[in-house]
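Asker: Pasted the sequence and its predicted model underneath.
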Amino acid sequence: MTTIIERPRQVLAPRAVERLVRGQATSDGAGVKLTRVLTQPLQRRLDPFLMLDAFKSDNPGDYIGGFPDHPHRGFETITYMIAGRMRHRDSTGGEGVLENGGVQWMVAGRGVIHSELPEQEDGLMEGFQLWLNLPAQDKMTAPWYRDIPTGAIPEVTTPEGVTVRVVAGESHGVAGVQQRPVTEPLYLDVHLPAGSRFEQPIPAGHNAFVYVYRGEVAVGAEAERVPERTMAILANGADRDGVTLQACTAPARVLLIAGAPLKEPIAQYGPFVMNTADQIQQTLADYQAGRIGR
Ligand code: FE2
């Protein structure tokens with residue numbers, strides 16, 4: 001599913017880089033080593049996004065434990081595998097294997113219990129998990145999940161040879177494989193040959209960031225350098241109409257993520273994200289009583 005576009009739309013007033021973030025090394029699940037790029041203190045700034053974890057290792061000890069059964073309530077998780085195989089099972093009866101280039105989109109809604117376990121004993125495991133908040137009115141919606149194999153993800157190639165995998169939202173006239181109301185997420189995996197330039201319109205009111213996972217890119221009119229394994233938060237501005245990226249001397253790969261802020265209170269306790277402390281207390285009571293995932 002590849003579309004070649006002829007005339008890219010123009011971004012006339014690109015956003016600048018507001019801040020570079022390297023993320024924090026941490027571990028989660030049964031000892032999986034990862035980098036938490038979008039951490040809790042950035043949730044308000046990057047509303048509606050709550051978390052971005054990046055994992056990459058060819059040491060099985062860093063990932064073999066996986067993420068055994070655990071609950072979620074109140075948001076969505078989007079898992080994107082670059083390399084490796086993970087098996088997902090959840091309390092809705094959903095099960096599937098997520099592998100090279102595939103995406104799993106899960107709406108936890110009122111609650112799921114799920115596991116994410118590696119289906120490999122060695123080799124490279126690389127990918128990302130993004131948490132996207134649900135609007136208050138949808139936090140107790142019925143849970144669902146969708147396995148999206150790599151071949152189902154639309155791709156666009158620009159005249160400069162930049163390939164864009166459109167997971168969510170739209171790029172250069174090509175709709176992503178998944179759309180969501182209210183938060184209107186944009187999720188692009190952009191592959192830039194050395195020296196190539198790419199532009200993407202983004203609504204001025206949306207919060208946006210890029211995460212460079214290969215190479216280095218220059219962002220915006222100031223061409224601020226964003227090195228590998230770094231997130232750049234893009235500055236908002238009423239007159240800013242998008243983002244421009246340019247690969248430096250080597251090819252680069254970048255996640256470009258944006259969405260409409262919810263501007264609602266955020267109350268998080270581990271894997272539960274609600275709006276108030278009372279709702280978190282209720283969620284803990286529900287979990288202890290076995291009412292999550294039923
Ligand atoms: Fe999970």
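Answerer: Good, I have the coordinates. Note that this is a predicted model, so its numbers are computed, not measured.
Asker: Which secondary structure state does Q279 sit in?
Answerer: State at Q279, reduced to three classes by DSSP: H, G, I helix; E, B strand; the rest coil: helix.
Asker: for it, what are its contacts?
Answerer: G74, K139, A267 (CB atoms under 8 Å, 6 or more residues apart in numbering). Placement of C-beta: from N, CA and C, glycine included.
Asker: Could you report the distance from it to L262?
Answerer: Using CB to CB, to the nearest Å, one gets 15 Å for the distance from Q279 to L262.
Asker: now M274
Answerer: Distance of M274 to L262, given as CB to CB: 12 Å.
Asker: which one of these two has more residues nearby?
Answerer: For M274 versus L262, neighbours defined as other CB atoms under 10 Å are more numerous around M274 (23 against 16).
Asker: these two touch, right, that one and G74?
Answerer: Yes. If you go by CB atoms under 8 Å, M274 and G74 touch, sitting 4.9 Å apart.
Asker: what residues are shared contacts of these two?
Answerer: Overlap of the contact sets of M274 and G74 (by CB under 8 Å, 6+ apart) consists of K139, T283.
Asker: Which parts of the chain are helices?
Answerer: Under the criterion DSSP state H, helices of the chain are mapped to 277-288.
Asker: what about T2, how many neighbours?
Answerer: The burial count for T2: 9, using other CB under 10 Å.
Asker: go on, V273?
Answerer: Residue crowding around V273 was assessed by other CB under 10 Å; the count is 24.
Asker: gap between it and V243?
Answerer: V273 is 27 Å from V243, by CB to CB.
Asker: what do you get for T249?
Answerer: Going from T249 to V243 by CB to CB gives 21 Å.
Asker: Would you point out which residue is most central in the protein?
Answerer: Geometric centre of the chain, nearest residue: L130, 3.5 Å, by CA atoms, centre = their mean.
Asker: That one touches A54, doesn't it?
Answerer: No. Contact between L130 and A54 fails when scored by CB under 8 Å: they sit 10.0 Å apart.
Asker: Sort out which residues of stretch 78-86 are buried, please.
Answerer: By 16 or more other CB atoms under 10 Å, the buried positions in stretch 78-86 come out as I78, T79, Y80, M81, I82, G84, R85, M86.
Asker: Please name the bridge partners of the last one.
Answerer: Partner residues in beta bridges with M86: L98, P118, with DSSP bridges as the criterion.
Asker: For it, which residues are in contact?
Answerer: Applying CB under 8 Å, 6+ apart to M86 gives the contacts G66, T79, V97, L98, E99, E116, L117, P118, E119, M125, G127.
Asker: neighbour-wise, which of T249 and V243 wins?
Answerer: More neighbours surround V243 than the other of T249 and V243, with 25 against 9 (other CB under 10 Å).
Asker: picking that back up, neighbour-wise, which one of the contacts of Q279 leads?
Answerer: Most neighbours among these, by other CB under 10 Å: G74, with 28 neighbours.
Asker: rewinding a little: reformat the buried residues of stretch 78-86 as a markdown table; add distance to L42 and pLDDT.
Answerer: Shown next, in a markdown table, are these (distance: CB to CB, whole Å; pLDDT from 0 to 100):
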| residue | distance to L42 | pLDDT |
| --- | --- | --- |
| I78 | 17 | 98 |
| T79 | 20 | 97 |
| Y80 | 19 | 97 |
| M81 | 24 | 96 |
| I82 | 23 | 96 |
| G84 | 27 | 95 |
| R85 | 30 | 95 |
| M86 | 26 | 94 |
